[in-house]
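Undergrad: Below are the sequence and a predicted model for it; my questions follow.
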Amino acid sequence: MSFSEISEVVPWLELAFDQGQDLNAPQYGDADDLPRVFKSHAWEPHCPKGCKRIVVLRDPMDVVLSFYKFFNGWFFEPDTVSLEEFANEFWLSRGVPQSKMNNASYFHHLMSWCKCRNDPDVLILFFENLKENLDKEIRRIAKFMSTSKHDFTAEEIVQSAKHRSSYAYMKSHESHFDEKLSKLARNEACGLPKTAGLSESKIKRGDSGLGKESLPKSIREGILKKWSEIVEPETGCKSYEELRTSMNSPATQE
């Protein structure tokens, strides 16, 4: 790979300025007629328009567990904040962002994108589907990203993407898929030591279902309560599993 970390070539919109990146700079050198690619954590109202947008959704019980592990040992000393404190006082307390400097809660973020499910320029993916059938999901992404100039559905491209997005490949090149550049750019501004969190790898197994098995009852109940208040009234789905099933129908994936 010709980059040291993926955010060098797929800029993170919210942190590009801090990392000294010019979002208008060429991404592919002389081959810059290829589609430009960026990443963001923004909910739909704050996400740039006039482009194709790919959104990945994941079970909230796995999200909060993964988020806690990501922050533990970085934003706070290892295990000095309990999982219950993190979930109840931070993750579940989020709501509608008051400015573009804030992230939406998981539930408002999810709903903002679910409302775009029929937008031809929005592709909604599920983390669990990527784990269960990576080949199928990559083909959906390739078809979605293809343009009149570039066809990404060619078998060679699909197989290359499948290989390079596998856990085995990413783990063997984990420094290329890390978050060290953003940490170095923002740690001190956040009141952290400059090298905080640099020893931790971002590449984990990413297994599904661990949240349901290991989260304390209070967190599971808090998630279900938020779901019933924010997501169910809009979708009619009583759980993440119901939502995923409803959006996994052949008609919604054409």
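TA: That came in fine, so what should we check first?
Undergrad: Next, the contact list for the closest residue to P78 other than its chain neighbours, please.
TA: Residue nearest to P78 in three dimensions, not counting chain neighbours: N72, with 6.0 Å by Cβ to Cβ, 6 or more residues apart in numbering. Just so you know, the C-beta spots here come from the backbone N, C-alpha and C atoms, and that holds for glycine as well. N72 makes contact with 78-79, 81 under the criterion Cβ atoms under 8 Å, 6 or more residues apart in numbering.
Undergrad: how close does the residue positioned nearest the centre of the chain get to V122?
TA: In the chain, the centroid-proximal residue (Cα atoms, centre = their mean) is V56; its distance is 5.7 Å. Distance of V56 to V122, computed by Cβ to Cβ, to the nearest Å: 12 Å.
Undergrad: what does C237 give?
TA: When Cβ to Cβ is applied, the distance between C237 and V122 equals 18 Å.
Undergrad: Mind pulling up the pLDDT for F3?
TA: Among the per-residue scores, F3 holds a pLDDT of 87.
Undergrad: make that I203, sorry
TA: Reading off the confidence values, I203 has pLDDT 84.
Undergrad: cool, P250 as well?
TA: According to the predicted model, the pLDDT of P250 comes to 56.
Undergrad: what do you get for R164?
TA: Confidence score, pLDDT, at R164: 95.
Undergrad: now do A25
TA: For A25, the pLDDT comes out at 88.
Undergrad: Can you tell me how far it is from S112?
TA: Separation of A25 from S112 (Cβ to Cβ): 29 Å.
Undergrad: Who has more neighbours out of the two?
TA: Neighbours per residue (other Cβ atoms under 10 Å) separate A25 from S112, with S112 holding more: 18 against 10.
Undergrad: so where does the more buried one fall, helix or strand?
TA: S112 is part of helix 106-114 when elements are defined by DSSP states H and E.
Undergrad: List every C-alpha atom in that helix, with coordinates, as PDB.
TA: The C-alpha coordinates for helix 106-114 follow below in PDB (Å, rounded to 0.1, in the frame of the first residue of the first chain):
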ATOM      1  CA  TYR A 106     -26.900   6.500  17.800                       C
ATOM      2  CA  PHE A 107     -30.700   6.400  17.500                       C
ATOM      3  CA  HIS A 108     -31.100   9.800  15.900                       C
ATOM      4  CA  HIS A 109     -28.200   9.100  13.500                       C
ATOM      5  CA  LEU A 110     -29.900   5.800  12.500                       C
ATOM      6  CA  MET A 111     -33.300   7.400  11.900                       C
ATOM      7  CA  SER A 112     -31.800  10.200   9.900                       C
ATOM      8  CA  TRP A 113     -30.400   7.700   7.400                       C
ATOM      9  CA  CYS A 114     -33.400   5.300   7.500                       C
END
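Undergrad: How many neighbouring residues does M1 have?
TA: Taking other Cβ under 10 Å as the criterion, the count of residues near M1 is 10.
Undergrad: give the contact list for A104.
TA: If a contact means Cβ under 8 Å, 6+ apart, then A104 has 43, 94-97, 112 as its contacts.
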